[in-house]
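**Q** I'd like to go over a predicted model; first the sequence, then the structure.
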Amino acid sequence: MPWSQGEWLNPPADVAVDGTDLLVTARSGSDFWRTTSYGFVHDDGHALLTDFPPGTAVEVGFHADFTELYDQAGALVRVDASTWIKAGVEISDGLPQLGAVVTHGTSDWSLAPVPEWAGREVTIRVSRSGDAVTVRARCEHEPWRTIRVAWLDPDAKARAGLLCCAPERDGMTVRFTRMATGPADTSLH
């Protein structure tokens, strides 16, 4: 889908088009998180969102060129400030990690190291069916990995799309290669 079809939640520091790619520079301190373990609430990460009705999926492609703690990019599903899901790659424990945060009032976080994904193109796919969002990821043309199956109210009005955050620094730029919509996945595996 054309980048112009999305709407920004918390516009980033800079946005530029390079050929068909979208270059997004995050503001320092940007993130999405609610309370758990850290005690703070951040709802100022950058996300370019489109409608995400039941029965649909959104895919986001980007290059995982991150260097600093908590640099991150991926996909966001958002109902409101206290109900959302983010999934993607971020730097934690000195390595790129494939992770997901599910928030229903408070956030939880799951991670798995993917050091071999550093500097490569990653695609995150969020698929909404019934009362669930299924999150999958892959690096380049490798097989899909199921990361998470999370509950989402089937009647909730949601939006989804790309996200990036730079909680610890200025100047992080992410190269997004695509954002596409389509039908929801028909199976979990």
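**A** That came through fine.

**Q** so is the residue nearest to L69 when sequence neighbours are not counted in a helix, a strand, or just coil?
**A** Distance criterion C-beta to C-beta, 6 or more residues apart in numbering; nearest residue to L69, sequence neighbours excluded, is E168 at 5.0 Å. Placement of C-beta: from N, CA and C, glycine included. Here E168 is coil, with the state taken from DSSP: H, G, I helix; E, B strand; the rest coil.

**Q** what lines up beside the one helix or strand A16 maps to in the sheet?
**A** Assessed by DSSP states H and E, A16 sits inside strand 14-18. Applying DSSP bridges to the sheet, strand 14-18 is found paired with strand 21-25 (antiparallel).

**Q** Quick check: mean pLDDT of the very next helix or strand once past the strand it pairs with?
**A** On the C-terminal side of strand 21-25, the closest following helix or strand by DSSP H and E is strand 32-34. Across strand 32-34, the average pLDDT comes to 96.

**Q** Tell me the buried residues in the following helix or strand past strand 32-34?
**A** Following strand 32-34 in sequence order, the next helix or strand is strand 41-43 (DSSP H and E). Buried residues in strand 41-43, defined by neighbour count with 16 or more other C-beta atoms under 10 Å: D43.

**Q** swap in stretch 125-134?
**A** 125-129, 132-134.

**Q** Now go through those and say which are in strands.
**A** Residues of the buried residues of stretch 125-134 located in strands (DSSP state E): 125-129, 132-134.

**Q** Using JSON lines, lay out those together with distance to G19 and pLDDT.
**A** What follows is those, written out as JSON lines (distance: C-beta to C-beta, whole Å; pLDDT from 0 to 100):
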{"residue": "R125", "distance to G19": "23", "pLDDT": "98"}
{"residue": "V126", "distance to G19": "25", "pLDDT": "98"}
{"residue": "S127", "distance to G19": "28", "pLDDT": "98"}
{"residue": "R128", "distance to G19": "30", "pLDDT": "97"}
{"residue": "S129", "distance to G19": "34", "pLDDT": "96"}
{"residue": "A132", "distance to G19": "36", "pLDDT": "97"}
{"residue": "V133", "distance to G19": "31", "pLDDT": "97"}
{"residue": "T134", "distance to G19": "31", "pLDDT": "97"}
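
**Q** And the furthest pair within the residues you listed?
**A** Farthest apart among these by C-beta to C-beta are R125 and A132. That separation is 13.6 Å.

**Q** Burial check on the closest residue in space to A118 that isn't next to it in sequence, number of neighbours?
**A** Excluding its sequence neighbours, the residue lying closest to A118 (C-beta to C-beta, 6+ apart) is P96, at 5.0 Å. When neighbours are defined as other C-beta atoms under 10 Å, P96 has 24 of them.
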